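Chemist: need a structure here:
(one chain, ligands or ions: 1)
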Amino acid sequence: MPTLASARYGKDNVRVYKVHRDEKTGVQSVTEMTVCCLLEGQIETSYTKADNSVVVATDSIKNTIYIKAKEHPVNPPELYASHLGQHFLDKYSHINAAHIEVVVHRWTRMTIDGAPHPHSFFRDGQETRNVEATVARGTGIDLKSSIVGLSVLKSTGSAFHGFVRDEFTTLPETWDRILSTDVDCAWIWKRFPTVAAVQNGVERFDKAWESARGIIMKTFATDESASVQNTMYKMCEQILEAVPEVDKTGFSLPNKHYFEIDLSWHKGIKNTGKDAEVYAPQSGPNGLIKCEVARDVSTVVNR
Ligand SMILES: O=c1[nH]c(=O)c2[nH]c(=O)[nH]c2[nH]1
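Modeler: This next block holds a predicted model:
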């Protein structure tokens, strides 16, 4: 007999903008985010028996996302996601877990005539700050924070040699190459028992984001990279060192290739090896290198 093996539902792609107006200074600050909120619980009969009495309408879930953004700070997103998820458990006894995803888009304050502008912003890249929160009855709050879509490139200081050479290999070894990727870096927090525990010491979330972003940039720039694998591992080690409340961190990095172009067919132009200046950036295929690094073995076993 078929059995409902898993079920969750809710609203995705809810776009929210919130402004904070400092009445004293006249300075305004803005946050734009995209929210997904999915619920789990005793909702089986809505699937199996057409019983809508257990369904909190996804339209109501969308409304709740707005109301909670009005009632609570939306920064840091870890705190907002925790408040939002906890609400569904407090309000509906048959809901056992809320899965919240928040994507925060960049609105960076403009500098005009050398001074920060009080109410004008620009989008300085597609990078987002993301949070996934699972708020579960009797368990607590699991938070995963991430940086997604931070595009970086270095024009030297990267090598790749010593890899397997066999009858499938055409790639030459290189001691000097372009390295470029779109950083997707996540860090998983030790479980929080309550929203109050998330709130207590809430500065930890912005500090961790700043630390991770700084470590990623500095390591990418300064490491004499032997491979994407080794450089990302070095970043993970430093993030775990910098943020003691994080159990595990990891990366998913595309290796965006830039191919040399042999232009010798045109007047004998030299454009390869040490003479390479004009390259062809590739859209695909790309390498894709992932890893997770845990603080200790017990974390690997438990999660
Ligand atoms: O840093 C790299 N890691 C690889 O695994 C790999 N494979 C490849 O073709 N180029 C690269 N570069």
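Chemist: and residue 101, helix, strand or coil?
Modeler: strand (DSSP: H, G, I helix; E, B strand; the rest coil).
Chemist: The one 3 residues further on now?
Modeler: Reducing the assignment at residue 104 to three states with three-state DSSP gives strand.
Chemist: my read: it touches residue 146, true?
Modeler: No. Residue 104 lies out of contact with residue 146 (C-beta atoms under 8 Å); the separation is 10.6 Å. (C-beta placed from N, C-alpha, C; glycine too.)
Chemist: can you list residues touching both of these two?
Modeler: 129-131 (C-beta atoms under 8 Å, 6 or more residues apart in numbering).
Chemist: all strands for the stretch 201-303 of the chain, in order.
Modeler: Assigned by DSSP state E, counting those that start in this stretch, the stretch 201-303 of the chain shows strands spanning 246-255, 258-260, 279-281, 287-294.
Chemist: can you list the residues of the protein near the ligand?
Modeler: 160, 171, 227-229, 255, 287, 289 (C-beta under 6 Å from any ligand atom).
Chemist: what sits against the closest residue to the ligand within the stretch 51-200 of the chain?
Modeler: Relative to the ligand, the nearest point of the stretch 51-200 of the chain is residue 160 (4.4 Å; C-beta to the nearest ligand atom). For residue 160, the contact set (C-beta under 8 Å, 6+ apart) comprises 173-174, 177, 226-227.
Chemist: can these go into a markdown table with extra columns for neighbour count?
Modeler: What follows is the contacts of residue 160, written out as a markdown table (neighbours: other C-beta atoms under 10 Å):
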| residue | neighbour count |
| --- | --- |
| 173 | 11 |
| 174 | 13 |
| 177 | 19 |
| 226 | 14 |
| 227 | 18 |
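Chemist: from those residues, which single one is nearest residue 135?
Modeler: Comparing those against residue 135 with C-beta to C-beta places residue 227 closest, at 38.4 Å.
Chemist: State the distance from the closest one to residue 268.
Modeler: Going from residue 227 to residue 268 by C-beta to C-beta, to the nearest Å gives 35 Å.
Chemist: roughly how far apart are the most far-flung residue of the chain relative to its centre and residue 273?
Modeler: Note on the chain: the largest C-alpha distance from the chain mean falls to residue 267, namely 47.8 Å (C-alpha atoms, centre = their mean). For residue 267, the distance to residue 273 equals 18 Å [C-beta to C-beta].
Chemist: just residue 141 next, same as before
Modeler: Residue 141 is 54 Å from residue 273, by C-beta to C-beta.
Chemist: Between these two, which is the more surrounded one?
Modeler: Higher neighbour count among residue 141 and residue 273: residue 141, with 23 against 9, using other C-beta atoms under 10 Å.
Chemist: so what's that one closest to, chain neighbours aside?
Modeler: residue 192 (4.4 Å; C-beta to C-beta, 6 or more residues apart in numbering).
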